[in-house]
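Engineer: Whatever this is, show me its structure:
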Amino acid sequence: MNPALPLQPDELAAWVRKAQGGNREAMDHLLRTHEQGVLRVALRMLGRLEDAQDAAQEVFLRLCRSLDQFDDTRELRPWVYRMTVNVCLDMLRRRRTQLELVDEGAALPVAERRLIEEERKAAVEWGLSRLAPRERAALLLREVEGLTTREVAVALEVEEATVRSLIYQARGHLREWVKRYEGRVRK
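Structural biologist: Here you go, the predicted structure:
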């Protein structure tokens, strides 16, 4: 079996079966196959590289612990992204709880926007950070990661119509917030 990326679905299923059987090389290959996508989604959902790396590590720990429960007749990618979104949502909930514990006068600053050079990219990132977590997850999985509507529905455990609605709402909010951001920056 050729370990080159990307893999066809039947090749990926074979790697999953090997990993479920305890083959470390197969498990490492599965982790490498999904590493960049998981990190991208986590970074866009959480806004900070350090948090995204922590989330990705948690996702891969969960994947290793629960791969034997995965039904290899299904697609692995939506399952991994569902795990990623769930880990990120948990982290966002914890962050919100921590913010609520901080006195209002000492509120934490908004997540830093380092390494973003272009104003338009900054505006999009700013808008993405303000989307509701489910809207953000649906939009990122569909538009950035290239999952089908069906795969996003599986990953988020919702109906396909809900995915379409979440993406429609996310795009509308994103357009509105990008305009707002650009207006603030130019003033």
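
Engineer: rest of the way, CA atoms for contacts and neighbours
Structural biologist: Will do.

Engineer: what's the domain layout of this protein?
Structural biologist: Following automatic domain parsing, the chain resolves into domains at 1-110, 113-187.

Engineer: mind putting the ones you listed in CSV, mean pLDDT and mean neighbour count included?
Structural biologist: Below are the domains of the chain laid out as CSV (pLDDT from 0 to 100; neighbours: other C-alpha atoms under 10 Å):
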stretch, mean pLDDT, mean neighbour count
domain 1-110, 79, 16
domain 113-187, 80, 17
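
Engineer: Now name the helix or strand holding the residue positioned nearest the centre of the chain.
Structural biologist: In the chain, the centroid-proximal residue (C-alpha atoms, centre = their mean) is Val41; its distance is 2.7 Å. In this structure, Val41 is located in helix 24-46 according to DSSP states H and E.

Engineer: Mind giving me the packing neighbours of that helix?
Structural biologist: Judged by 3 or more C-alpha pairs under 8 Å, 6 or more residues apart in numbering; DSSP states H and E, helix 24-46 is in contact with helix 9-20, helix 49-66, helix 76-101, helix 119-130, helix 133-139.

Engineer: a markdown table for these, including distance to Glu157?
Structural biologist: Shown next, in a markdown table, are the helices and strands packed on helix 24-46 (distance: least, C-alpha to C-alpha, whole Å):
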| stretch | distance to Glu157 |
| --- | --- |
| helix 9-20 | 21 |
| helix 49-66 | 17 |
| helix 76-101 | 8 |
| helix 119-130 | 21 |
| helix 133-139 | 11 |
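
Engineer: Out of these, flag the one nearest His29.
Structural biologist: helix 9-20 (7.7 Å; C-alpha to C-alpha).

Engineer: what helix or strand is Val163 on?
Structural biologist: helix 160-186.

Engineer: What angle do helix 119-130 and that helix make with each other?
Structural biologist: Inter-element angle recorded for helix 160-186 and helix 119-130: 130 degrees (by axes from the mean of the first three to the mean of the last three C-alpha atoms, to 10 degrees).
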